[in-house]
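Novice: Only the shape, not the letters, is given here:
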Ligand SMILES: *Cc1c(COP(=O)(O)O)cnc(C)c1O
Ligand SMILES: [Zn+2]
């Protein structure tokens, strides 16, 4: 059963009923799901989760789905956390961990948001969902919508990864390619939503995907036996991943399940699209639109995030920071982690390797701190980033 009680505006605190579809608050603020913590404390033992079937819906008491019959699942969540000893030694850490979201259905952590978002849409009786995407969210939401029998309309930049286009197509989403960025795709979707009455599932205009992504935080806490690591690095685009983890950690503390200080949350971006890094360095509460946003890490090519103020607040309150890396460093890191840890990770995740190395050098992170790199997706989704030059050999020649 769920202990979901209402939606609350992250800006002005206004409350909304949970029983009909909502997007943003009338003040423009994103809505957050709130639970009845007193009841959870009374009725739920945190050790129960481990005894259940794998997957993120084993945390159902902390998720917003009322009737389990509405759950749409493809086996998402419970991704492995591995110790990266060789990589750690190489760049100066004794306790470096990688949580690999590349093993989710559709190859990225976007599956978590889609599983909970589409399940809730089904519960609310929504018939058509529409969303802009940089690529991976479109793939995930297309798959879960197909499974749920809900229509999906997506708009993505024309230069989104080829695979993202093919995914949306193969799962049967009505897919449009936009001559512009994800922000332009967002404008087109907004107009379509007004005209056709679709449900707008753009990042943070839809309150439930945060809940799906939040489960990454719960899994990390559970993995460390209900303690927190010292720092978590996250590649930040729309910011839902980092907001989700922040929300999870605050909820676990509110429930009294963990007493530790919340880990330093570290937002990583690419030099070519760094609105959060810029705002953090200037001590601003909100970011500015990053024009000409450009990076090979498409998932973090978001020039301005609706939830930027929550991301910046989370970084600041947790004692974290924001770091930018070059695309060339991202490419080098994809290679390094593949060869040291046997993980072929996405460029967004690889950015963390370059970033954590910088933070060691600047001594922001100490060598004995327990650090988790949250790899958001599989490198298999970006085959074009590997330009191998392999020797061709004649059949008669020896090697
Ligand atoms: C979407 C995406 C991100 C950024 O996640 P946000 O929650 O939007 O900040 C990072 N990496 C990959 C692979 C993505 O698809
Ligand atoms: Zn509000």
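Specialist: Great, that's in hand. It should be emphasised that the depicted structure is a prediction, and the values quoted were computed from it without experimental measurement. Ligands and ions are numbered 1, 2, ... in the order given.
Novice: Pull up the residues of this structure that are close to ligand 2.
Specialist: Neighbours of ligand 2 within the chain, by Cβ under 5 Å from the ion: 9, 11, 12, 14, 25, 27, 29. C-beta coordinates here come from the backbone N, C-alpha and C atoms, glycine included.
Novice: So the fifth one sits against residue 32, correct?
Specialist: No - Residue 25 is not in contact with residue 32 according to Cβ atoms under 8 Å; the separation is 10.0 Å.
Novice: list the residues that contact both of those two?
Specialist: Common neighbours of residue 25 and residue 32 are listed as 9, 10 (criterion: Cβ atoms under 8 Å, 6 or more residues apart in numbering).
Novice: What's the local residue count around residue 326?
Specialist: 14 (other Cβ atoms under 10 Å).
Novice: ok, and the closest non-adjacent residue to it?
Specialist: Of all residues not flanking residue 326 in the chain, residue 271 sits nearest, at 5.3 Å (Cβ to Cβ, 6 or more residues apart in numbering).
Novice: Same check on residue 39?
Specialist: residue 3 (5.3 Å).
Novice: Can you pull the phi/psi pair for that neighbour?
Specialist: phi -110, psi 20 (degrees, to the nearest 10).
Novice: So it versus residue 249, what's the distance?
Specialist: To residue 249, residue 3 is 18 Å away according to Cβ to Cβ, to the nearest Å.
Novice: Of the two, which one has the most company?
Specialist: Comparing residue 3 with residue 249 by other Cβ under 10 Å, the one with more neighbours is residue 249, at 25 against 20.
Novice: contacting residues for the spatially most central residue of the chain?
Specialist: Nearest to the geometric centre of the chain sits residue 241, at 3.3 Å (Cα atoms, centre = their mean). Contacts for residue 241 (Cβ under 8 Å, 6+ apart) come out as 109, 213, 216, 234, 235, 374, 376.
Novice: for residue 287, same thing?
Specialist: Taking Cβ under 8 Å, 6+ apart, we find residue 287 in contact with 275, 276, 278, 279, 304, 305, 308, 312.
Novice: Any chance of a PyMOL selection covering the buried ones in those residues?
Specialist: Those of these that count as buried under 16 or more other Cβ atoms under 10 Å are selected in PyMOL with:
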select buried, resi 275+276+279+304+305+308+312
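Novice: Strands along the chain, start to end?
Specialist: 4-9, 15-16, 31-35, 81-83, 95-100, 128-132, 151-157, 174-178, 199-200, 231-235, 264-270, 321-325, 370-375 (DSSP state E).
Novice: So which of those strands is nearest residue 61?
Specialist: For residue 61, the closest of these is strand 31-35, at 8.2 Å, according to Cβ to Cβ.
Novice: What sits closest to residue 74 if chain neighbours are left out?
Specialist: Per Cβ to Cβ, 6+ apart, closest to residue 74 is residue 105, 3.9 Å.
Novice: same question but for residue 160, I mixed them up
Specialist: That would be residue 135: by Cβ to Cβ, 6+ apart, it lies 4.1 Å from residue 160.
Novice: Count the residues that sit near that neighbour.
Specialist: Neighbours of residue 135 using other Cβ under 10 Å come to 27.
Novice: Distance of it relative to residue 226?
Specialist: Residue 135 sits 35 Å away from residue 226, taking Cβ to Cβ as the criterion.
Novice: got the contact list for residue 306?
Specialist: 30, 202, 203, 204, 205, 238 are the contacts of residue 306 under Cβ under 8 Å, 6+ apart.
Novice: Give me the buried stretch members for stretch 139-153, please.
Specialist: Quick answer for stretch 139-153 (16+ other Cβ under 10 Å): 139-148, 150-153.
Novice: Make TSV out of those residues and add distance to ligand 1 and pLDDT.
Specialist: Below are the buried residues of stretch 139-153 laid out as TSV (distance: Cβ to the nearest ligand atom, whole Å; pLDDT from 0 to 100):
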residue	distance to ligand 1	pLDDT
139	9	96
140	8	97
141	12	98
142	14	98
143	14	98
144	15	98
145	17	98
146	19	98
147	20	98
148	21	98
150	21	98
151	22	98
152	17	98
153	19	98
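Novice: Rebuild the residues you listed as a markdown table, extending it with distance to residue 254.
Specialist: Formatted as a markdown table, the buried residues of stretch 139-153 follow (distance: Cβ to Cβ, whole Å):
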| residue | distance to residue 254 |
| --- | --- |
| 139 | 34 |
| 140 | 29 |
| 141 | 30 |
| 142 | 35 |
| 143 | 33 |
| 144 | 29 |
| 145 | 33 |
| 146 | 36 |
| 147 | 33 |
| 148 | 31 |
| 150 | 33 |
| 151 | 37 |
| 152 | 34 |
| 153 | 37 |
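Novice: Which one of the residues you listed is nearest to residue 363?
Specialist: Of these, the one sitting nearest to residue 363 (Cβ to Cβ) turns out to be residue 140, at 37.8 Å.
Novice: Mind giving me the ChimeraX select for the residues of the chain next to ligand 2, buried ones only?
Specialist: Here is the ChimeraX command that selects the buried residues among the residues of the chain next to ligand 2 (16+ other Cβ under 10 Å):
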select :9,25,29
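Novice: Just name the closest of the residues of the chain next to ligand 2 to ligand 1, please.
Specialist: residue 29 (17.8 Å; Cβ to the nearest ligand atom).
Novice: so what's the spatially closest residue to residue 319 that is not a sequence neighbour up against?
Specialist: In space, and not counting its chain neighbours, residue 319 is closest to residue 264: 4.9 Å by Cβ to Cβ, 6+ apart. By Cβ under 8 Å, 6+ apart, the contact list for residue 264 reads 230, 231, 232, 318, 319, 320, 321.
Novice: Is it correct that the second one is in contact with residue 365?
Specialist: Yes - distance between residue 231 and residue 365: 6.0 Å, which falls inside the contact criterion (Cβ under 8 Å).
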